[in-house]
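[1] got a structure for you, letters missing:
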Ligand SMILES: [Zn+2]
């Protein structure tokens, strides 16, 4: 049996604090779900945090509401406050998977302070751009029940029907090649400094995201179960 790492600071065992980074089409959502199930920790996305804050009507939520209704972006300071508040909740006792945060180096530095001495792992799902383009352009959504599926026809030329309800499948506007390339470039620009930040701290693990989802999950678990 592997020796368990325990200290007086962490009597309940090792926390699993994960930052999940991956481009659109990398299967990040699937992996986040599986990791959270495995460790019994919450999946915390910035979108969910913002929606919850607005709904709860907290002072921070009121600020978010004001910015969003003005069509403005939520700035670093406010986003950091929201994440700090969220991570203080008891359901993060065993850890968390953060998705969509940090997005800037200022946010990353603030997160380092929030988690303190608790080890944190940044997991990057790596998938070549050509493969991401192939995956994203083959995505289809049902016009009736909104189920997402993958096109079976190579160039999407044939009309396909939903396997659940029989309605016509269409490509979402976001899934055309031009938009996809723009999103991937945006992702690269955004994540390169963050990846460097976590690499410098020795907290980065890159995972080959081209394999089957179960193999990707197994690779992530190996990283998370290894001593930090
Ligand atoms: Zn359908």
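    Looks like it arrived, so ask away. Just so we're clear, the structure is a prediction, and the values are computed from it rather than from any experiment.

[2] so who does the residue lying closest to residue 142 once chain neighbours are set aside touch?
    In space, and not counting its chain neighbours, residue 142 is closest to residue 162: 3.9 Å by C-beta to C-beta, 6 or more residues apart in numbering. Where you see a C-beta, it was placed from the backbone N, CA and C, and this is true even at glycine. Residue 162 is in contact with 142-145, 147, 149, 168-169, counting by C-beta atoms under 8 Å, 6 or more residues apart in numbering.

[3] out of these, which touch the ion?
    Subset of those in contact with the ion: 142, 144-145, 147, counting by C-beta under 5 Å from the ion.

[4] I'd like to know how far the residue nearest to the spatial centre of the chain sits from residue 38.
    In the chain, the centroid-proximal residue (C-alpha atoms, centre = their mean) is residue 99; its distance is 3.1 Å. Using C-beta to C-beta, to the nearest Å, residue 99 is found at 16 Å from residue 38.

[5] returning to that earlier point: tell me the spacing between the residue nearest to the residue nearest to the centre of the chain when sequence neighbours are not counted and residue 52.
    Sequence neighbours aside, residue 45 is the residue nearest to residue 99 in space, at 4.3 Å (criterion: C-beta to C-beta, 6+ apart). Distance from residue 45 to residue 52, counting by C-beta to C-beta: 10 Å.

[6] Look at these two and report which has more neighbours.
    Shown here are residue 45 and residue 52; by other C-beta atoms under 10 Å, residue 45 has more neighbours (18 against 15).

[7] OK, contacts around that one?
    Applying C-beta under 8 Å, 6+ apart to residue 45 gives the contacts 98-100.

[8] Phi and psi next, for it.
    Residue 45 adopts backbone torsions of phi -110, psi 150, taken as degrees, to the nearest 10.

[9] quick one, longest helix in this structure?
    Secondary structure assigned by DSSP state H gives helix 177-200 as the longest helix of the chain.
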